[in-house]
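In: Model the structure of this input:
(2 chains)
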There are 2 protein chains.
Amino acid sequence: MANQEVVNRKIVLRDYVVGFPQKSDLVLVSNEKIKLEVPEGSENGVLVKNLYLSCDSFMRDRMSKDCSYIPPFIPGEPITGYGVAKVVDSRHPEFKAGNLVWGLTGWEDYSLIMQREPLIKIEHTDVPLSYYTRILGMPGMTAYFGFMEIGSPKKGEYVFVSGATGAIGQLVGQFAKLTGCYVVGCAGSQEKVDLLKTTFGFDEAFNYKEEQDLDAALKRYFPEGIDVYFENVGGKMLDAVLLNMRNHGRIAACSMISQYNCEQHEGVQNLFMVVIKSIRMEGFVVFNYFQRYPEFLEFTRQSIKEGKIKFVEDKAEGLESGPTALFELFTGSNTGKQVVVSRD
Amino acid sequence: MANQEVVNRKIVLRDYVVGFPQKSDLVLVSNEKIKLEVPEGSENGVLVKNLYLSCDSFMRDRMSKDCSYIPPFIPGEPITGYGVAKVVDSRHPEFKAGNLVWGLTGWEDYSLIMQREPLIKIEHTDVPLSYYTRILGMPGMTAYFGFMEIGSPKKGEYVFVSGATGAIGQLVGQFAKLTGCYVVGCAGSQEKVDLLKTTFGFDEAFNYKEEQDLDAALKRYFPEGIDVYFENVGGKMLDAVLLNMRNHGRIAACSMISQYNCEQHEGVQNLFMVVIKSIRMEGFVVFNYFQRYPEFLEFTRQSIKEGKIKFVEDKAEGLESGPTALFELFTGSNTGKQVVVSRD
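Out: Purely as a prediction, here's the structure:
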C-alpha cells in the first residue's frame, strides 16, 4: 500500500486574479502521481485522503496577490481550504493512519499536511462527517466565538446579521435565538429570506437588494435600535447600521465580503457614531480561538442533537465540480457547498 | 445679600451655526439682572458664581442644530461648558453656600444649575482651582479612562496620539509614558511638536501638515506598528493609522474633530483592517465614567504632586474674552484655554 502510486488530481490556481475571479481561473490537473506515504525528511508530516472540502468566501481573497490577510494561493499549486480528511500515513506523533481530521488541506485527492495548526482530530462520529467542514468546523467556530465573545449578547437584545444565509450567518442567527435575542437577518434574494425565517428561525429577514434606503429598512426592523451587529459585508450596510446602533452596541466584524477586492474600498461615512454611541467594533479571525475548540464543540454538538440548531448542507459531487461550486458562492447564487472528494 | 440684584453677563449663541462657526456667532449680553438666591420652586437648584470656564472642542458641535451627540445649545441662551464655580445659594442637600464645585455650567457670571450630574464638589485645594476644568476635570478623565480602559495599554507597547497638544491628547501621552509605553504624537505646527517633545515627554512627534503621505510618516515613526491609537481626529489620519496597526491593536475613539461638521463626512476606506488585524475600535464618552472620578483623581493628583505629569495652562481674562478664546481653539491656533470669569 505504502509504495502504491496513485493519481493525485488537483484544483490549481492558474494565475493571480485581478478583479472578480472567473471559473476559468481554476484548472483541474490530473497528471501527477504520488506514493501513499509521508516522504523521508518530512518530519511531522501527515498525508491525508481528502473527503470533503468546504467552499468559503474568504477563499476569494486568497486568489489575489496583494489583498489577502492570509498569504495568497500560489499559482500552479492546488488551492487550499477547510476540509475533512482521513490520515493515510503520518510522521506526526499525534496522528496515525485511519484517524479522521479536519483543518486546512489542499483541493486535491491527497494532501501532505506539514502544519500541525489547525489540524484537529475528529473524536465524535455521531454526526455526519461533512459537518466538520461547516457547522462543527471553521464557520461554526467563527459564528460561535464572534457572536458569543465579541458580540457579548444579553437576553432580550436586538441582533442584526448581514450575509445571514452564509455558513456563518445562519449559525449566528441561531446562536442569537438560543441566547434569547431578537434577531433579524438580511440576504440577497426572496428565497434566502424565506430560508432565514422558516428554517433558521430568524424573527425577521429582508432582501437588501429590494431596499432603496437601508437606513429606513433598519429603522423599520429595529425601531429600538441594534445592540449587536454581526458584520459580514461592510460598505453601505455598515454605514446604515452605524446610524441604527444603540448606545454601548457591539459590532463583531467578521468579514467584509463586499470589500473583498483590491480596488478602492467604499468609504464608511458614519464612524463618528462609534464615539457618539460608545460602540465597540471589534475584528477577529477564527485562528484566535482554536485553543477553545472543545468548548465550542461541546455546546454545538449538544444543540444539534437536541434539534436546537438546524443546518442545511449542499453538496457538489467530485473534485472536478469544485470550481463551479466555489464560484456560485462568490456570485451569491448559493450559500456555500461542500465538495465531496470521496466518501471513503 | 440674598435679595441683592446683580448684573449677570452672558455669552449667548446668536443662532444655530451652519458650517464653520464664526466669532460673531457668540454675543456678550449684559442687560440682565438676577437675585443671588435659588428661586422658589427650583427644588435641588444650585446657584453658582462661575470662576473658570473651559474652552473644549466638543462645544463646536453643540453650536449646530442637527449634528450634536448631546443636545445643541439654545439660540438666545448662554452656551454651556465645563467650569469651576463657587456655590452662592443651594436648595440641594449635597451642596451649600461656599462649596467649590466643577461640572457643566453656563458661560455667564452666575448660573442656576438644576442638574446634579455632573456637578462634583472640589475637596482638594492643594492644586490650582483652574486645574478642575482641565487636568483634574473632564479632559483629564477622558484621557485617563479612554487610554487606560479602552486603550488597555501594556508596558512596552507603541502608542500614537493624534491632536496630541489638545487638553486630552497631552495627558494621554503622559499617561502612556507613566505606563511604560513608547508614544508618538502629531499636531498641526512645529511649535506644538516641540511642546510635545520637550514639555510633555513624548518620545517623538510630527507635524501632520508637513507630511504628504501620512501612511509613510507613520511607518517611519512606528516601524513595528501601533498597539494603541488614541483617536482625536478621524478622517484621513484614521485611514493611515488602520494600515499601521498591529494585530490585536486597540483604537480608543475619543472624538473625531476633523469630522465635527454637518456636511458629508470623509469616508474611511481601510476598515477592513479591523478584521484582518483583530483590531478593537471603541468609542466612549466621559459620562460613562463619572462614578469612577475618585479613582482618577487619586492617581492624577498624586502624579501632579510628584511632578510626573506636566500641565500647561493658558488663560484668557474676563468673560468677554470667551468667544475669541473658543474660536482660537476651533481654528487650531491654541491648545485650549481657561476663561477666567472671576478669581474669587
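In: What parts of the stretch 151-300 of chain A come near chain B?
Out: Contact residues (CB under 8 Å from any CB of the partner chain) of the stretch 151-300 of chain A with chain B: A:234, A:238, A:253-256, A:259, A:264-285, A:288. To be clear about C-beta, it is placed using only N, CA and C from the backbone, and glycine gets the same treatment.
In: burial count for whichever residue of chain A sits closest to chain B?
Out: In chain A, the residue found nearest to chain B is residue A:267; the distance is 1.5 Å by CB to the nearest CB. Other residues within reach of residue A:267 by the criterion other CB atoms under 10 Å in any protein chain shown amount to 18.
In: go on, the one 10 residues further on?
Out: Residue A:277 has 20 neighbours, counted by other CB under 10 Å.
In: wait, isn't residue A:270 in contact with residue A:245?
Out: No: the pair residue A:270 / residue A:245 is not scored as a contact, 9.5 Å apart, by CB atoms under 8 Å.
In: Would you mind naming the residues that bridge with residue A:5?
Out: With DSSP bridges as the criterion, residue A:5 is bridged to residue A:35.
In: Show the pLDDT at it.
Out: We have a pLDDT of 91 for residue A:5.
In: Who are the contact partners of it?
Out: Taking CB atoms under 8 Å, 6 or more residues apart in numbering or on different chains as the contact definition, residue A:5 lies against A:33, A:34, A:35.
In: I'd like these written out as a markdown table, with pLDDT and neighbour count added.
Out: Shown next, in a markdown table, are these (pLDDT from 0 to 100; neighbours: other CB atoms under 10 Å in any protein chain shown):
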| residue | pLDDT | neighbour count |
| --- | --- | --- |
| A:33 | 94 | 10 |
| A:34 | 94 | 17 |
| A:35 | 94 | 16 |
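In: circling back to that earlier point, out of the residues of the stretch 151-300 of chain A next to chain B, list just those in helices.
Out: A:238, A:272, A:273, A:274, A:275, A:276 (DSSP state H).
In: who's in contact with the third one?
Out: Contact partners of residue A:273, counting by CB under 8 Å, 6+ apart, are A:242, A:243, A:245, A:279, B:283.
In: hmm, which of those are the buried ones?
Out: By neighbour count, with 16 or more other CB atoms under 10 Å in any protein chain shown, these hold A:242, A:243, A:245, A:279, B:283 as buried.
In: hmm, back to that, mind listing the shared neighbours of residue A:270 and residue A:245?
Out: With contacts taken as CB under 8 Å, 6+ apart, residue A:270 and residue A:245 have no neighbour in common.
In: can you list the weak-confidence ranges in chain A?
Out: A:1-3, A:67-69, A:255-265, A:344 (pLDDT under 70).
In: Go ahead and flag the most central residue of it.
Out: In chain A, the centroid-proximal residue (CA atoms, centre = their mean) is residue A:139; its distance is 4.0 Å.
In: which other residues reach the strand or helix carrying that residue?
Out: Taking DSSP states H and E as the criterion, residue A:139 maps to helix A:138-145. Among residues not part of helix A:138-145, those counted as contacts by CB under 8 Å, 6+ apart are A:54, A:56, A:82, A:134, A:166-169, A:171-172, A:175, A:254, A:284, A:286, A:288-290, A:292-293, A:296, A:299-300, A:336.
In: Could I have the buried ones of those as PyMOL selection syntax?
Out: Those of those that count as buried under 16+ other CB under 10 Å are selected in PyMOL with:
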select buried, chain A and resi 54+56+82+134+166+167+168+169+171+172+175+254+284+286+288+289+293+296+299+300+336
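In: Which of the contacts of helix A:138-145 fall within strands?
Out: Applying DSSP state E to these, the entries found in strands are A:54, A:82.
In: Which parts of the stretch 101-250 of chain A are strands?
Out: Counting by DSSP state E, counting those that start in this stretch, the stretch 101-250 of chain A has strands at residues A:110-113, A:119-121, A:158-161, A:182-187, A:204-207, A:226-231, A:245-253.
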